[in-house]
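# Requesting a structural model of the entry that follows:
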Amino acid sequence: MKPAVYLVAMLAGAFLAACTSPAPLPTVAAVDLGRYYGTWYEIARLPNRFQSMCVSDTRATYRPDGNRVSVLNQCRTADGSFEQASGIARLVEGSHGAKLRVSFFRPFYGDYWILELDPDYRWVLVGEPGRRYAWILAREPKLDEATLERLLARAAALGFDPQAFLRTPHTRSLH
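Numbering: from 1, shown residues only. Sure, this is the predicted structure:
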């Protein structure tokens, strides 16, 4: 009888673990990369170790690079200097441009999924399926508060912690 109790407990544990897995993360239907290219300013982000030195003026520039996308991330550090990282991105087949795999340290790639996108490509919510990383980006260094709050609410609906987002100040241009 004890083995049967053990088996039932194992099955119940597996069922509970399956119930707590994050739901699949939906993306936008399609992204026109030609319109997406250019500079995006970070408005808010979930904290992450690879941007821990960034205190303000964070932006990303995307450009075509053959069948890939060139990525240049820049930010201002606490001492006023600039950090930058160059990377590449590849489109995930069948995603219609909504999913990219980005690498700053080849051969390691991370997910970059476009979760919400303004029809005029003025702002975007980007994340990854594990919900550890997310960014709100805009074409200008400022985003109106109502739009930012709506994007944070969308992030919450997708399973991200909206309270954990750090807002990114923009003080001066990066040159």
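
# Could you verify that residue 112 is part of a helix?
No - counting by DSSP: H, G, I helix; E, B strand; the rest coil, residue 112 is not part of a helix but strand.

# what's the distance between it and residue 168?
17 Å (CB to CB, to the nearest Å). C-betas here are computed from N, CA, C, even on glycine.

# same thing with residue 141?
Applying CB to CB to residue 141 and residue 168 gives a distance of 9 Å.

# Run a quick neighbour tally on the closest residue in space to residue 170 that isn't next to it in sequence.
Nearest non-adjacent residue to residue 170, counting by CB to CB, 6 or more residues apart in numbering: residue 141, 3.5 Å away. With neighbours defined by other CB atoms under 10 Å, the count for residue 141 comes to 19.

# Need the overlap of contacts for residue 141 and residue 168.
41, 57 (CB atoms under 8 Å, 6 or more residues apart in numbering).

# Contacts made by stretch 53-71 with the rest, please.
33, 36-42, 45, 51, 72-78, 83, 86-91, 100, 102, 104, 137, 141, 168-174.

# Would it be right to say that the residue nearest to residue 170 lies in a strand?
No - using three-state DSSP, the assignment for residue 141 is coil, not a strand.

# Longest strand in the chain, please.
strand 54-65 (DSSP state E).

# Walk me through which strands it pairs with, and which way each runs.
Each strand paired with strand 54-65, and its direction, by DSSP bridges: strand 38-45 (antiparallel), strand 68-77 (antiparallel).

# tell me the mean pLDDT over it?
Averaging pLDDT along strand 54-65 gives 97.

# Flag every buried residue along it.
54, 55, 56, 57, 58, 59, 60, 61, 62 (16 or more other CB atoms under 10 Å).

# likewise stretch 163-172?
Those would be 165, 168, 170, for stretch 163-172 by 16+ other CB under 10 Å.

# ok, the second one touching residue 45?
It stands for residue 168. Yes - in this structure, residue 168 is within contact of residue 45 by CB atoms under 8 Å, at 6.6 Å.
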